[in-house]
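Enquirer: I would like the atomic coordinates for the input below:
(one chain, ligands or ions: 3)
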Amino acid sequence: MGEKITVENGVVQTPDKPIIPFIEGDGTGPDIWAAAKRVFEGAVEKAYNGEKGIEWKEVLAGQKAYDKTGEWLPEETLEVIRDNKIAIKGPLTTPIGGGIRSLNVALRQKLDLFACVRPVRWFDGVPSPVKRPQDTDMVIFRENTEDIYAGIEWQEGSDEVKKVIDFLQNEMGVTNIRFPETSGLGVKPVSEEGTKRLVRSAIDYAIKEGRKSVTLVHKGNIMKFTEGSFKNWGYELAEKEYGNKVFTWAEWERIVEKDGKDAANKAQDEAEKAGKIIVKDAIADIFLQQILTRPKEFDVVATMNLNGDYVSDALAAQVGGIGIAPGANINYESGHAIFEATHGTAPKYAGMDKVNPSSVILSGVLMLEHLGWREAANLILNSMDKTIGSKVVTYDFARLMDGATEVKTSEFADELIKNMD
Ligand SMILES: NC(=O)C1=CN([C@@H]2O[C@H](COP(=O)(O)OP(=O)(O)OC[C@H]3O[C@@H](n4cnc5c(N)ncnc54)[C@H](OP(=O)(O)O)[C@@H]3O)[C@@H](O)[C@H]2O)C=CC1
Ligand SMILES: O=C(O)CCC(=O)C(=O)O
Ligand SMILES: [Mg+2]
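Expert: Ligands and ions are numbered 1, 2, ... in the order given. This next block holds a predicted model:
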């Protein structure tokens, strides 16, 4: 009989047979989930000889939920995940324009999973568009509950948008809505609490994992009171809560003003040598250039929701694409977490047993690490290295690799299970 995972004083307590809810997902979700589940079970069995095991519990969301219950995201699904603390999911479809809002975003918001953690590293042999993919080794902390993802927007021509435009023009003195008759409007909330809990998680992670820096990525030069404040609150939190453990660029600037640039650079050098975390910032556009040209300069990255979405896929491309990029949505305060692939439902490949299951498999590796089952996680990581190293890969890698053997989703899983040792 399975038992519930609990969290005591922020520490996850995993029974030998934890109940883990899963959402299969839409489109290619069932293909990659079937493969991933077998890989997780193979690794756990091999690591613990039957002494530990997972009791899977299916919960519904997306098309499957709608067909069975008439709801896209049933309350029962949220209740089961809340109750069991963690879950793993495949991708869910979001129609563009009208219709339902993103179920993926709704799950993160309803469970307050404020940090979307996406590690980006290269596996030996994976085809990449850059010359030195091994230089990219970053962990993105994307804020998950605020920003324009809050879904506060009004359609062009609606009574609501007319009211808001009227308010802006007549009560707030706004004069620069270029085409007021035909504008839709969106609101971008970014709060001090939301920013600080995200940046805190990123710095805690950097300290725990022995990382060198945390970069706050923002567009504060243009959006001063949202993205600019994100940067300022980030520095404020770093200095106030972490004191001597960090050196911030805000401090660097204060030293420049007082004693000049050489003194500031010297202080940063000394901080690096002392193993302090360097907390710095980058404006989002130049950041997207520098992750390509100088990836070694970045380590942990903390950013808002939309920037984080763009940065995730851009960085994933550098190490082989979204077919292999994992993710976790975590509330570090309550311990709730949902692990999920970074990519979408890739509908044109649905049911073809074709796409790469690595993204959801590596999300499962993050889940096993979260549970403290490092042995099983490492078995999968080593097997992934070995399997890709032997050039047995799915179509996405095969089309970019010389001499590759292209296999189906399920065959790639067979190969991973075979190569676990
Ligand atoms: N978290 C989630 O559940 C997410 C859901 N979505 C949703 O998914 C739907 C489709 O979105 P779309 O923008 O087309 O993005 P997708 O990520 O679904 O697909 C875009 C392309 O990425 C490649 N790709 C995606 N998954 C894999 C995989 N497992 N293995 C190999 N290659 C892969 C394919 O490239 P190629 O054609 O070159 O082979 C595919 O055509 C939308 O409804 C969107 O809202 C999107 C992102 C995240
Ligand atoms: O939910 C969606 O449609 C998109 C989500 C997304 O792009 C992401 O999680 O990176
Ligand atoms: Mg995305």
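Enquirer: Got phi/psi on the residue in the stretch 151-300 of the chain that ligand 2 sits nearest to?
Expert: Nearest residue of the stretch 151-300 of the chain to ligand 2, counting by C-beta to the nearest ligand atom: G151, 11.4 Å away. Where C-beta positions appear, they are placed from N, C-alpha and C, glycine not excepted. In terms of degrees, to the nearest 10, the main-chain angles of G151 are phi 80, psi 30.
Enquirer: list the contacts for it?
Expert: When contacts are counted by C-beta atoms under 8 Å, 6 or more residues apart in numbering, G151 touches 101, 105.
Enquirer: Close to ligand 2: what parts of the stretch 1-150 of the chain are there?
Expert: Taking C-beta under 6 Å from any ligand atom, the part of the stretch 1-150 of the chain that reaches ligand 2 is made up of 94, 102, 104-105.
Enquirer: Name the member of the residues you listed with the most neighbours.
Expert: N104 (24 neighbours; other C-beta atoms under 10 Å).
Enquirer: Under a three-state scheme, what state does that one occupy?
Expert: helix (DSSP: H, G, I helix; E, B strand; the rest coil).
Enquirer: burial measure for the closest residue to it other than its chain neighbours, as a count.
Expert: Sequence neighbours aside, L92 is the residue nearest to N104 in space, at 5.4 Å (criterion: C-beta to C-beta, 6 or more residues apart in numbering). For L92, the neighbour count with other C-beta under 10 Å is 28.
Enquirer: Kindly report the same for V80.
Expert: 17.
Enquirer: just V392 next, same as before
Expert: V392: 21 neighbours (other C-beta under 10 Å).
Enquirer: wait, isn't it in contact with G403?
Expert: No. When contacts are counted by C-beta atoms under 8 Å, V392 is not listed as touching G403 (10.9 Å).
Enquirer: Reformat the residues of the stretch 1-150 of the chain next to ligand 2 as CSV; add pLDDT and distance to T182.
Expert: Converted to CSV, those look like this (pLDDT from 0 to 100; distance: C-beta to C-beta, whole Å):
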residue, pLDDT, distance to T182
T94, 84, 25
S102, 88, 25
N104, 92, 30
V105, 90, 27
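Enquirer: Quickly check those for the two that are furthest apart.
Expert: Maximum pairwise distance among these (C-beta to C-beta): 7.9 Å, between T94 and V105.
Enquirer: for the residue of the stretch 201-350 of the chain found nearest ligand 1, helix, strand, or coil?
Expert: Residue nearest to ligand 1 within the stretch 201-350 of the chain (C-beta to the nearest ligand atom): G344, separated by 2.3 Å. Assigned by three-state DSSP, the conformation of G344 is coil.
Enquirer: okay, now it: neighbour count?
Expert: For G344, using other C-beta under 10 Å, the count is 17.
Enquirer: Find the nearest non-adjacent residue to it, please.
Expert: P91 (4.9 Å).
Enquirer: helix, strand or coil for that neighbour?
Expert: P91 ends up coil, using three-state DSSP.
Enquirer: can I assume it is in contact with D31?
Expert: No. Using C-beta under 8 Å, P91 is not in contact with D31, being 10.9 Å away.
Enquirer: Give me the domain ranges for this protein.
Expert: 1-114+326-420, 128-147+191-319, 153-186 (the TED database).
Enquirer: export the ones you listed to a markdown table and tack on distance to R121?
Expert: What follows is these, written out as a markdown table (distance: least, C-beta to C-beta, whole Å):
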| stretch | distance to R121 |
| --- | --- |
| domain 1-114+326-420 | 10 |
| domain 128-147+191-319 | 5 |
| domain 153-186 | 34 |
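Enquirer: how about these, which one is nearest V120?
Expert: domain 128-147+191-319 (4.4 Å).
Enquirer: sorry, back to before: from Q63, how far off is the residue nearest to G344?
Expert: 11 Å (C-beta to C-beta, to the nearest Å).
Enquirer: can you give me the strands in the stretch 301-421 of the chain?
Expert: 328-330, 337-340, 392-393, 405-406 (DSSP state E, counting those that start in this stretch).
Enquirer: Same list (the ones you listed) but as CSV, adding mean pLDDT and distance to ligand 2.
Expert: What follows is the strands of the stretch 301-421 of the chain, written out as CSV (pLDDT from 0 to 100; distance: least, C-beta to the nearest ligand atom, whole Å):
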stretch, mean pLDDT, distance to ligand 2
strand 328-330, 97, 9
strand 337-340, 96, 7
strand 392-393, 96, 23
strand 405-406, 96, 27
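Enquirer: P91 and Q63 - which one has more neighbours?
Expert: P91 (27 against 17).
Enquirer: what is the mean pLDDT for the longest helix along the chain?
Expert: When the chain is parsed with DSSP state H, its longest helix is helix 29-48. On average, the pLDDT along helix 29-48 is 97.
Enquirer: Likewise for stretch 296-309?
Expert: Per-residue scores along stretch 296-309 average to 97.
Enquirer: ditto for stretch 351-365
Expert: Regarding stretch 351-365, the rounded mean pLDDT is 97.
Enquirer: Could I get the contacting residues of T175?
Expert: Q169.
Enquirer: Much appreciated, bye for now.
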